[in-house]
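> Got a sequence here, can you build the structure:
(one chain, ligands or ions: 1)
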Amino acid sequence: MAEECIFCRIVAGEIPSDIVYQDGDFLAFRDIMPKAPTHVLIIPRTHITSAAELTEGQEKLAGRLIIIAKNLAEKEGIAENGFRLVINCGSEGGQIVPHLHLHLIGGRQMDAKLG
Ligand code: AMP
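As a prediction, this is how the structure comes out:
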């Protein structure tokens, strides 16, 4: 656990969150400032600073993030109409919390252009 990491503190139960999924390796909870009717963050329990820190051999972890997001999209009822998955990486990528997280966003029409 990284002491100053807000998401590590959520994993540790030190900061409350609206958890929608958890298993031994991952946690998913609702974004505190949702950008759409459904806005969930999926994170590994272990502290990985960003997608840029992923290494060869972590394919399973990276893939699980997407599978969990897809399963949650179905559970949230947004799979049929569509949804968006986003990983911001680093400062120019718009990453604010330095703990790898996948945004699952849906429940409204997304702007087609990115950025
Ligand atoms: P990013 O810009 O990709 O780093 O996104 C970080 C996200 O974390 C933002 O959408 C924030 O609203 C969200 N966030 C920050 N603190 C919390 C928290 N305590 N609980 C839930 N979501 C949070």
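> When you work out contacts or count neighbours from here on, use the C-alpha atoms and nothing else.
Fine.
> Could you pull up the contacting residues of Gly82?
The contact partners of Gly82, taken as C-alpha atoms under 8 Å, 6 or more residues apart in numbering, are Gly106.
> Next: Pro98.
Cys5, Ile48, Thr49, Ser50, Gly90.
> run the last query once more with 10 Å
Pro98 is in contact with 4-7, 47-51, 88-91, counting by C-alpha atoms under 10 Å, 6 or more residues apart in numbering.
> of the residues you listed, buried ones?
Phe7, His47, Ile48, Thr49, Ser50, Ala51, Asn88, Cys89 (16 or more other C-alpha atoms under 10 Å).
> element containing the first one, please.
If I follow you right, that is Phe7. Assessed by DSSP states H and E, Phe7 sits inside helix 6-11.
> Can you spell out which helices and strands pack onto that helix?
Judged by 3 or more C-alpha pairs under 10 Å, 6 or more residues apart in numbering; DSSP states H and E, helix 6-11 is in contact with strand 19-22, strand 26-30, strand 38-44.
> Show me the helices in the protein, by range?
For the chain, the helices defined by DSSP state H cover 6-11, 59-76.
> Against the ligand, which of the contacts of Pro98 make the cut? List them.
By C-alpha under 6 Å from any ligand atom, the members of those lying near the ligand are Asn88.
> I'd like the helices and strands packed on helix 6-11 as CSV, with distance to the ligand and mean pLDDT appended.
Rendered in CSV, the data for the helices and strands packed on helix 6-11 read as follows (distance: least, C-alpha to the nearest ligand atom, whole Å; pLDDT from 0 to 100):
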stretch, distance to the ligand, mean pLDDT
strand 19-22, 9, 98
strand 26-30, 6, 98
strand 38-44, 7, 98
